[in-house]
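*Asks:* I would like to see how this sequence folds:
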Amino acid sequence: MIEIISRVLLGLGLMFTGVQMLSAGLKQMGSRPFRMFAAKSASSNGKALLFGMGSGVIMQSTSAALMILASLISAAMLNVPQAIAILTGFSVGNCVLLFIVSMNISVGIMFLVGVSGISMFLTKDERYLIYLRVALGLGLIFFGNIMMAAGVKPLRQEAWFEGAMEFSRNYSMLSIIVGAVLGFIVQSSTAVGLVAIGLARENILSGPQTFLFMYGAAIGSTMFKVLIGQAFRGTSRQLVRFVNIFNVFGATVFILLYYIEVYSNIPLLMAMLNYFELDLVHQAAWVFLLFNLTSAIFFIAINGPLTRWLARSLPPSEEEDLSIPKYMLESNDQDPETAIEMIHLEQIRELEQIAAFITTARENYQGPALALRLEAFQSLAGQVASSTAAVAAMPMLPKTTKEHAYIQTRQTLLDQLAESTFSGVQIIIQARAYSNMSGLSDACMESIEFLINFAAEIEKSKDADDIQMILNLSSSSGPSMEKLRKAYIESDKLDSVQSKGCLLDLTMGTEKIFWLLNCMMVYLVSDTGKAN
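*Replies:* Numbers count the residues shown, from 1 in each chain. This is a model prediction of the structure:
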């Protein structure tokens with residue numbers, strides 16, 4: 001008995017190791033192209049579906065696809081309907097592995113495992129190692145499947161095992177529960193499908209047990225995705241909910257079809273498979289495909305209402321709204337002058353977002369945390385920088401070329417201002433811990449917020465008098481900096497080395513923010529002067 005259990009565990013271990021190795025290798029090969037082609041191929045639902053189907057064949061990991069698509073949505077390179085179309089196709093392409101494993105090529109698999117393992121030992125080039133890991137992973141899946149089935153086979157001679165299998169045949173819900181538990185543990189309905197095929201190959205599981213086992217695995221893997229969904233924010237949560245609904249819908253429909261066919265004697269899925277005289281292993285592969293294909297067809301049909309419901313039930317978070325461009329989306333295929341103007345409007349939004357960093361230091365603040373605001377700014381800034389680079393490839397007049405140079409410089413200053421303000425807010429909060437510095441830190445907070453908001457208004461109006469005013473206020477000899485320097489000179493009155501260090505940080509941080517604002521206004525004077 002111990003030998004039998006050890007063989008079964010060895011087979012399962014090899015198979016799950018193979019699944020992990022195959023998935024990791026394919027993700028390493030495919031994640032970057034997936035990210036690149038996903039944005040390009042999502043121009044229509046048909047292209048997105050085909051791309052998702054091909055990606056499912058290659059990557060074999062819905063969780064990895066979820067993570068990548070969520071990042072593309074956060075970067076505004078995809079919208080939710082496009083990502084859902086890709087995931088729908090992905091679920092169908094994901095079925096190919098079961099068809100491969102259903103083939104009877106045990107001798108070839110031994111050669112594959114042996115040659116791949118030896119080659120990995122002899123090869124040092126990382127490029128070839130990736131492909132060898134994929135080959136070895138696939139070989140281990142086959143080999144583990146065969147080992148597990150061979151290990152379980154002797155159990156058929158045991159009376160207790162035969163009784164347990166008979167009991168599970170009489171209580172079909174047990175197969176669903178076991179499949180669900182295993183699906184939750186291994187986090188993959190595909191991996192559980194491989195186990196079911198291995199057991200079906202040796203007639204350990206009957207046809208109905210095999211099918212119910214896979215339906216339960218879909219429910220179990222859904223339970224796991226509910227947990228990983230807690231790590232998603234904003235509209236990305238819509239993707240997780242879609243995958244969960246996709247699996248639960250398919251499992252519910254096919255479980256109902258099973259009970260209708262069994263208890264009402266209406267020929268449905270199992271009758272169709274028997275009609276084509278397929279063996280049980282190939283029946284299992286086809287059931288897994290039909291399961292995913294049926295769900296895919298249904299959700300393609302209701303794509304519009306589904307995406308609208310998801311948008312209502314899981315709306316974008318505030319920080320996600322901040323990270324999405326509002327004007328650049330309108331600048332596609334436009335002339336460079338218009339594109340530059342749209343980018344400038346986004347840069348004004350960036351400046352307003354930096355001013356909002358300060359609000360996070362106020363008491364009773366209830367909006368996005370400072371770190372989330374910085375993350376949203378950086379996402380928007382990255383898209384602004386990409387659009388600015390794209391405009392550089394357009395033919396431009398000399399005047400437009402100068403304006404383009406100004407927005408590039410302005411973006412660099414905005415990036416630096418965001419980082420400095422982020423650090424400045426942290427220092428302001430730290431300074432409040434010292435009673436004799438709380439008033440000074442609040443004064444710095446008010447001054448910084450006023451100047452940044454004032455700069456944003458000036459960027460819109462480009463009023464010459466206002467520009468001169470903010471240049472005076474943000475200069476090194478302005479009233480705010482004079483007050484800070486005076487406080488630093490009198491820092492001997494502070495009661496600790498830590499408070500003196502905090503005051504120095506506050507002085508230097510505020511001075512850097514003012515200097516960056518001053519530089520921006522100097523460039524605005526140049527821009528306005530050139531424009532006139």
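*Asks:* C-alpha only now, for contacts and for neighbours.
*Replies:* Noted.
*Asks:* can you pull the pLDDT of residue 161?
*Replies:* On the pLDDT scale, residue 161 is placed at 63.
*Asks:* with residue 480 instead?
*Replies:* Reported pLDDT for residue 480: 69.
*Asks:* what's the answer for residue 121, then?
*Replies:* 81.
*Asks:* that one: what's it in contact with?
*Replies:* Neighbour list for residue 121: empty [criterion: CA atoms under 8 Å, 6 or more residues apart in numbering].
*Asks:* for it, grab phi and psi.
*Replies:* Main-chain torsions, residue 121, degrees, to the nearest 10: phi -70, psi -40.
*Asks:* tell me how far it lies from residue 87.
*Replies:* To residue 87, residue 121 is 36 Å away according to CA to CA, to the nearest Å.
*Asks:* also residue 473?
*Replies:* Distance from residue 473 to residue 87, by CA to CA: 54 Å.
*Asks:* please apply the same query to residue 120.
*Replies:* Taken as CA to CA, the span from residue 120 to residue 87 is 33 Å.
*Asks:* of the two, which one has the most company?
*Replies:* residue 87 (28 against 18; other CA atoms under 10 Å).
*Asks:* that one contacts residue 52, correct?
*Replies:* Yes. Here residue 87 reaches residue 52: they are 6.0 Å apart, a contact under CA atoms under 8 Å.
*Asks:* contacts for stretch 518-526?
*Replies:* By CA under 8 Å, 6+ apart, stretch 518-526 touches 406, 410, 413, 455, 459, 462, 464, 467, 470, 471, 474, 475.
*Asks:* if any of the residues you listed are buried, give me the PyMOL selection for them.
*Replies:* To isolate the buried members of the contacts of stretch 518-526 in PyMOL, using 16 or more other CA atoms under 10 Å:
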select buried, resi 406+410+455+459+462+467+470+471+474+475
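*Asks:* mind putting the contacts of stretch 518-526 into a markdown table with distance to residue 12 and secondary structure?
*Replies:* What follows is the contacts of stretch 518-526, written out as a markdown table (distance: CA to CA, whole Å; DSSP: H, G, I helix; E, B strand; the rest coil):
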| residue | distance to residue 12 | secondary structure |
| --- | --- | --- |
| 406 | 62 | helix |
| 410 | 58 | helix |
| 413 | 56 | helix |
| 455 | 64 | helix |
| 459 | 64 | helix |
| 462 | 69 | coil |
| 464 | 75 | helix |
| 467 | 71 | helix |
| 470 | 70 | helix |
| 471 | 71 | helix |
| 474 | 68 | coil |
| 475 | 70 | coil |
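*Asks:* TSV for the contacts of stretch 518-526, including distance to residue 272 and pLDDT?
*Replies:* Converted to TSV, those look like this (distance: CA to CA, whole Å; pLDDT from 0 to 100):
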residue	distance to residue 272	pLDDT
406	69	89
410	67	90
413	67	93
455	71	90
459	69	87
462	74	84
464	80	85
467	78	86
470	79	88
471	80	87
474	79	82
475	82	82
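*Asks:* and the helices in the stretch 201-350 of the chain?
*Replies:* 207-228, 236-264, 269-275, 280-301, 303-313, 318-323, 336-359 (DSSP state H, counting those that start in this stretch).
*Asks:* what's the spacing between stretch 295-304 and its chain's center?
*Replies:* Counting by CA atoms, centre = their mean, to the nearest Å, stretch 295-304 is centred 22 Å from the centre of its parent chain.
*Asks:* and what of stretch 245-254?
*Replies:* Stretch 245-254 sits 24 Å away from the centroid of its parent chain (CA atoms, centre = their mean).
*Asks:* list the buried ones in that stretch?
*Replies:* Neighbour-count burial for stretch 245-254 [16+ other CA under 10 Å]: 245, 246, 247, 248, 249, 250, 251, 254.
*Asks:* looking at the residues you listed, which is nearest residue 430?
*Replies:* For those, the minimum distance to residue 430 (CA to CA) is 46.1 Å, reached by residue 245.
*Asks:* got the confidence number for the nearest residue to residue 344 once chain neighbours are set aside?
*Replies:* Of all residues not flanking residue 344 in the chain, residue 407 sits nearest, at 6.9 Å (CA to CA, 6 or more residues apart in numbering). Reported pLDDT at residue 407 in the predicted model: 90.
*Asks:* list the contacts of residue 407.
*Replies:* Contacts of residue 407 (CA under 8 Å, 6+ apart): 340, 343, 344, 388.
*Asks:* report the buried residues of the regular element (helix or strand) spanning it.
*Replies:* Following DSSP states H and E, the helix or strand that holds residue 407 is helix 398-431. Residues 401, 403-404, 406-408, 410-411, 414-415, 417-418, 420-431 are the ones in helix 398-431 that count as buried (16+ other CA under 10 Å).
*Asks:* repeat for stretch 270-277
*Replies:* Neighbour-count burial for stretch 270-277 [16+ other CA under 10 Å]: 270, 273.
*Asks:* ok now it, how far from the chain's centre?
*Replies:* Worked out by CA atoms, centre = their mean, stretch 270-277 lies 41 Å from the chain centre.
*Asks:* can you check stretch 178-190 too?
*Replies:* 22 Å.
*Asks:* put the alpha carbons of it into CSV.
*Replies:* Provided in CSV are the C-alpha atoms of stretch 178-190 (Å, rounded to 0.1, in the frame of the first residue of the first chain):
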residue,chain,number,x,y,z
VAL,A,178,-13.5,16.6,-4.6
GLY,A,179,-12.9,18.5,-7.9
ALA,A,180,-13.6,21.8,-6.2
VAL,A,181,-11.2,21.2,-3.3
LEU,A,182,-8.5,20.1,-5.7
GLY,A,183,-9.2,23.1,-8.0
PHE,A,184,-8.8,25.5,-5.0
ILE,A,185,-5.6,23.8,-3.9
VAL,A,186,-3.8,23.7,-7.2
GLN,A,187,-5.4,27.0,-8.4
SER,A,188,-6.0,25.7,-11.9
SER,A,189,-8.9,23.8,-13.5
THR,A,190,-6.6,22.8,-16.3
